[in-house]
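A.B. asks: pasting the sequence and the predicted model now:
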Amino acid sequence: MTFPWLTTLIALPALGAVLTALVPSGRGTLAKQVATGFALLTLVVGALISVQYLFDVDMGVKPETYEWIPEFGASWALDLHGISLALVALTVLATPIVALAMWHEAEDEKRDPKAFFALLLVVEALTLTAFLSQDVLLFYVVFEAMLIPLYFMIGMYGGPQRRYAAVKFLLYNLVGGLAMLAAVIGLYVESVNSGNPSFYLPDLIALDIDTTTQWWLFIGFMLAFAIKAPLWPFHTWLPDAAAEATPSNAAFLSGVADKVGTYGMIALVLPLFPDASREAAPVIVVLAVVSIIYGALLAIGQTDMKRLIGYTSISHFGFIVLGIFALTDQAATGATFYMVNHGLSTIALFVVVGFLISRRGSRQVDDFGGVQKPAPKLAGVFLFAGLSGLALPPLSTFLSEFLVISGTFLRYRPAAIIATLGIVLSALYILWLYQRTMTGPVRPAVEGMPDLRTREVAVVAPLLALLLVVGFFPKPLTDAIDEAVGPTLVEVGVDQPEPLAPVAEHVEEGTGR
Amino acid sequence: MTSTLSALATAVATEGGHGGGQVATAATGVFDLTWLLIAFPLLGAAILLLGGRRTDKVGHLIGCAASIASFVMGVVLFFAMVGEPSDGRAFTVQLWEYVNAGGYSVDVSLLLDQLSISFVLLITGVGSLIHIYSIGYMEHDERRRRFFGYLNLFVAAMLLLVLASDYLILFIGWEGVGLASYLLIGFWQHKDSASVAAKKAFVVNRVGDMGMVLAMASMITVFGSTAFDVVFASAEGASTGWLTVIGLFLLLGACGKSAQFPLQSWLLDAMEGPTPVSALIHAATMVTAGVYLIVRSSAIYDLAPDARTAVVVVGAITLLMGAIIGCAKDDIKKALAGSTMSQIGYMVLAAGLGPAGYAFAIFHLLTHGFFKANMFLGAGSVMHGMHDEVNMRRYGGLRILMPATFLTFAMGYLAIIGIPPFAGYFSKDKIIEAAFADNWITGLATLIGAGITAFYMTRLMLMTFFGNRRWKQSEPPHESPPVMTGPLWVLGALSVVGGFGLLYVGAGIVDWLAPVTGEAHHDLPMPLWLLITITLATVVVGVAIAWAMYGRRAVREDVPAGNPLTVAARNDLYGDAFNEAVFMRPGQYLTRSLVYFENRGVDGAVVGTATAVGGLSARLRRLQTGFVRSYAVTMLGGVGVVVLAMLLVRLP
Amino acid sequence: MNPTNYLVLSIILFSIGAAGVLIRRNALVAFMSVELMLNAANLAFVTFARMHGNLDGQIVAFFVMVVAAAEVVVGLAIIVTIFRTRRSASVDDASLLKL
Amino acid sequence: MGEAALFWVMAPVAVLGALGLVFSRKAVHGALCLAVTMISLALFYIAQEAPFLGVVQIVVYTGAIMMLFLFVIMLVGVDSSDSRVETIRGQRVAATLAVAGVVLLLAGVTIRATLPEEPVGLNQATPDGNVSAIADAIFGTYVWAFEIVAALLITAAVGAMTLTHRERIVAKATQKELSIKRFSEGRPGDAAGLPVPGVYARHNAVDTPALLPDGTPSEDSVNRVLIARGAARSTDEFRHHPTPADVEAAATETSFSVEGEDVAAGESDNRAGEIGTDDDASGGERA
């Protein structure tokens, strides 16, 4: 029996969560060590798995299918393809970093920090299942189950209004989940009518559902995903959750957990409802562009740092959705690549802001000023993370943003032009934030601010290094993504626009590729 | 040395007609090491920035070493290229494949040809001189190591920009340069004005970058790739409409980076940065990136005449604006910045004239690099002596106290106003000739520009070095240390011989660039000698006026009222005011109202539904009175309804 | 004699009983009105039994009586306990069971 | 033919009884009216070939359940003032509306209902008499229902018991404690128990108060409930009210001796009168 790679990848964090919870309540640090240990273990397993996909070394990773509910035809089906690989890599990498970053965050709370770490591992396990699942029912169950631990993480630890933010987050996503449940059932009914009732994704993709039903199921799924990956009208929960949750929790929420929404769009909605997606694409593109500009403008107008970064995430999610629904190969690859980069850059930004807040004790931008002088390294890291936020070229976020814009330009020119406005606005909000907090005369309150400690460097360094390395060598990741995106778009049955002036023949062979 | 000259001479005769068709061959031998050009400064920057405290003492030396190493490599490559036959001087160095997404593939590869090697020499040459200069200038700044790190970062990014063989890789260098200028302008971050100026520079550059991104996106739409060879080769196949669009977008990018007309507001504020920064970035190299872009995309502009006319128009406008602003500025660096803006206007105008003007644009660019850097460094040493006083109304009579600075500055001054033996005369005259050949208006614009340039440069010279002493500090200003005056002498010498050297030594710049940019002989509307005398006459008139106003009469300490034009010029011809009124204030208003709309509207709607449900349930609660008898009434009503329902449903 | 007369009588008695429950404030009277309504129902059952020739009507009436007996026992017990604690048998006094 | 006559006589009686129940001021009267209605219903059952039910109605329903009501009314209903002013706002209106609605609805149903013209009659369904047929049904097809109902009754009884039974919180007072309590608490006068009602020549019922030595009626001698009901009678009607003549005669009579025989018969008459009054007094003293 081959080694069930994928199931172990999910089992590890789940096991970790249980063990962390079992640690006697007095021993806080032991619980943290156990949790981080398991997170690192998952990272190792994840790395081994992705080696097979990135560098085509056969590690024996096979799709796994086990019976779950035979009557429905629901099965524990796991498989890994380009898109989910990128996101699995992101999750597996982000969790140890977030665990390390929140080492002291749950300290002052009356409650024992081990619950916080156990919840983090639970969320990781659920997110991994979501990315790997090839079964719509399993995906739905995990999609809903993820909300509970996140609700507790936001609700138990965090800022003054955390309960309001947690409830708002839960209610918003539950409404989405409801719509999706209806759609999942509708889908099942379709599969029953068509002969073999099953939730297995490839079977469901093979179904040809008539357009009107497709529209209804499309709306069901899209509402849930549009809320999860905040698209414009459904976004008000993210800024509250980001502002109230602890910085590393907010990082994990918007960096990794929300990616399930955009993953759902590209891996489920496009192949399952090709006609509806094609017809609805212009509407979604408009919404995406609106959330790009809206998110950016609001980010500029914010006074609370974490809320500002929350809004920047909305703008970035706008880019991702734009990339997905531009329905061109380039844009879709760019969007998936964007998900990974946005994950890294948002986690870096949130974590660094977390350091600032833990030092100064306040989230308001005006309470800072001139941090550059007492803590140059912190300012430098903040600038680097900020630059990754505004997609400066050598960093990886630039390539993904460029691919999305150029991919969208192929099909929706006005949308791409307005979206490009986003890069100017992103420069504005990041640099204005940097200027108000870091430069200028040193504020008395900021005087004795200590610089980065080793733990903090250990947290941020891998992220920034990764942003740089992936920025210079994006090819392995983008190739893996491109392989998976191609068939999805073929599935949607949309023709890729050809260049208008094909390459002239007489280009001499001199310019070897 | 002579053998290379003869080789140059033989190569002169052949080439003519439309350029850009030159095909680059795979690099072999020494050319394969082109990537070292970028690697040295990048390595230097990495060591300095990541090195931390340990590299403080020796930081500046590492910086200079990296820059000089790169310059030496550049010279080696130059002479190796000269050795090559004139039609086979373009080489590509394939490094690694950057990305291949859905049919659009990009390789990280470098293109070394005549155009890029001349830029490499300018960047690394002037760069190294400025590195040496800043050892002295930044001596007592405790963050000097970081300064040299940023300088190296800038040089590396600029080299990547000029050596890239794909617009995307060029764009990486493009934004890298933008980042370096942000860091360097805002180097003295404790000064609020510096960080605001840095942010402004970056954001305005970013607006230009928007144009670049859209240009590349349209290239992908039209050609399916952004590589130079693919784009230039299949340029004929594309529709002129698309080419014009690409041309205009590229122009927008160039304006952003080279501070041309619509996006020029950031250059004058960029003077907040240390003077070597202004010299290197905002005079010699970065601001010329726009010109490089236009010249490099000559294939596109040749097929898009309206785009080219736009370039000329933008060049002309900036030329005049820069000159007028230069006249009214009392701050020496701002005056020089104004003159930079107008000189780049010249280059852009020349680049807009098509094959006739490309070579002259680059020629003027190189000479301008020499004398403008020279003058900026001169101004730096003046400020160094005057304890960082920038207002020229506090100077006066410095020629005796700072002879070296005065002499080198004078060389630069004579070069820029275009006195025959000096560099400026050759390069600017060629542009004026090309402009007149093109049409009367541009010719006239360049002529007037030359006149005004003479006026404000003379004004600057008189206020700084001649006239009564107006400075008040205790001990008199001392001459700068040799480490600073050395580069000044070298640059001074270059601004003297640079013009003649580049034009006539060997085949001359025009033929050197011909394979890249092509060459077109233009017929003048009037005999050449007449045109030259007219230009010289306008220059002399400009000098005379300036001397009349500032030479004879004593320079006033207080700022005179001045007519509306000078007031306008003092406010950068209301460029900033316009940006604020049209973009800044409405933008802030928009963000505030959006924040309000977000809290009330979208969020309000969500919270509103919650409170509505609460209100409804409060009202329903009152229905339950607690009295058994009112419940009995509802029960009876219920019975009635059930009976009615059963009746209606008519259960079988 | 047309059996619907009995039905009409039963309706009248039923509605009088209902009115009694709704109007009278004394718990006992209300309770007795309920008994009246039950009797009206019994009358209807017996009438239907006779009309359709099927004994079930009477059986149901019989069971109704039995259930009514049980109900009275418990109802009165409750009324007595309420009276003992509240010293009033008015229905409106016991009005705490509300939101 | 007789059945129609019976119907037209008893129907109004039933309706009046029902109205009596609803609109009577005192609960007792209502209960009795209801009994009348029930009896008339019993007659209808018997008329409608349901003799068993008729009997059961009288014996069980009216006999037992109504008596239960009367008991409770006695226990509880006596002094509960039942003014007919309506306290709940809009209750009358809602009540009339609901009742009218239901009546209209049911009437509508019965009119449009398709009922067999002539009653089929039960003799075919009850070959050997109504009671045995019912017995067959109850112990045949509906035996389960019957058992369950039996269980229901038992639980109801037990339920009523638990509801009304009051757990003894404090230990039962022994005779010794009671006597001690009688003397240590309350008015010493009551220690020997409340005075018995007055005994007069022509009246010794419970509702007449005894007389205290000073001639005033004693409050404690009549049951509290009777007073509350206003059923207690005043003592004036039994006492001899001396006419002015008697008063003047008494004044003239100067002396009397106890031991000799010379007590005049006339005087004895007076004294008997006085003894009568003395009795009253003595009775009072004895109380």
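C.D. replies: Ah, there it is.

A.B. asks: hang on, A:I10 in a helix?
C.D. replies: Yes: with DSSP: H, G, I helix; E, B strand; the rest coil as the criterion, A:I10 is part of a helix.

A.B. asks: that one contacts A:S133, doesn't it?
C.D. replies: No: contact status for A:I10 versus A:S133: not in contact, 9.5 Å apart, counting by Cβ atoms under 8 Å. Every C-beta, even on glycine, is put in place using the N, C-alpha and C of the backbone.

A.B. asks: so what sits against both of those two?
C.D. replies: Jointly contacting A:I10 and A:S133 under the rule Cβ atoms under 8 Å, 6 or more residues apart in numbering or on different chains are A:L78.

A.B. asks: how about the helices of chain C, start to end?
C.D. replies: Counting by DSSP state H, chain C has these helices, from start to end: C:4-23, C:27-52, C:56-86.

A.B. asks: mind putting the ones you listed in JSON lines, mean pLDDT included?
C.D. replies: Listed next are those as JSON lines, based on pLDDT from 0 to 100:
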{"stretch": "helix C:4-23", "mean pLDDT": "91"}
{"stretch": "helix C:27-52", "mean pLDDT": "91"}
{"stretch": "helix C:56-86", "mean pLDDT": "90"}
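
A.B. asks: out of those helices, flag the one nearest chain B.
C.D. replies: Distances from chain B to each of those were compared by Cβ to the nearest Cβ, and the smallest falls on helix C:4-23, at 5.2 Å.

A.B. asks: for B:R459, grab the count of nearby residues.
C.D. replies: Other residues within reach of B:R459, judged by other Cβ atoms under 10 Å in any protein chain shown, total 25.

A.B. asks: right, I mislabeled it, should have said D:P188
C.D. replies: Counted by other Cβ under 10 Å, the residues lying close to D:P188 total 10.

A.B. asks: re earlier: with mean neighbour count added, can I get the helices of chain C in CSV?
C.D. replies: CSV is the format used below for the helices of chain C (neighbours: other Cβ atoms under 10 Å in any protein chain shown):
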stretch, mean neighbour count
helix C:4-23, 22
helix C:27-52, 24
helix C:56-86, 19
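
A.B. asks: can you pull the residues of chain B lying near chain D?
C.D. replies: Within chain B, the positions near chain D by Cβ under 8 Å from any Cβ of the partner chain are B:T625, B:F627, B:R629, B:S630, B:V633, B:L636, B:G637, B:V639, B:G640, B:V643, B:L644, B:L647.

A.B. asks: tabulate the residues you listed (a markdown table), appending distance to A:Y53.
C.D. replies: Rendered in a markdown table, the data for the residues of chain B next to chain D read as follows (distance: Cβ to Cβ, whole Å):
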| residue | distance to A:Y53 |
| --- | --- |
| B:T625 | 69 |
| B:F627 | 72 |
| B:R629 | 75 |
| B:S630 | 70 |
| B:V633 | 72 |
| B:L636 | 72 |
| B:G637 | 68 |
| B:V639 | 69 |
| B:G640 | 70 |
| B:V643 | 69 |
| B:L644 | 67 |
| B:L647 | 68 |
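
A.B. asks: show me those residues that map onto helices.
C.D. replies: B:R629, B:S630, B:V633, B:L636, B:G637, B:V639, B:G640, B:V643, B:L644, B:L647.

A.B. asks: among those, which ones are buried?
C.D. replies: Neighbour counting by 16 or more other Cβ atoms under 10 Å in any protein chain shown classes B:R629, B:S630, B:V633, B:L636, B:V639, B:G640, B:V643 among those as buried.

A.B. asks: quick one: the strands in the chain?
C.D. replies: In the absence of a named chain, chain A is used. Using DSSP state E, the strands of chain A run over A:64-69, A:74-78.

A.B. asks: not what I meant, chain B
C.D. replies: With DSSP E as the criterion, chain B has strands at B:25-26, B:91-101, B:104-112.

A.B. asks: the first one pairs with which strands, and in what direction?
C.D. replies: Note on strand B:25-26: by DSSP bridges, its sheet partners are strand B:91-101 (parallel).

A.B. asks: what residues sit buried inside the partner strand?
C.D. replies: Within strand B:91-101, the residues that qualify as buried are B:F91, B:T92, B:V93, B:Q94, B:Y98, B:V99, B:N100, B:A101, counting by 16+ other Cβ under 10 Å.
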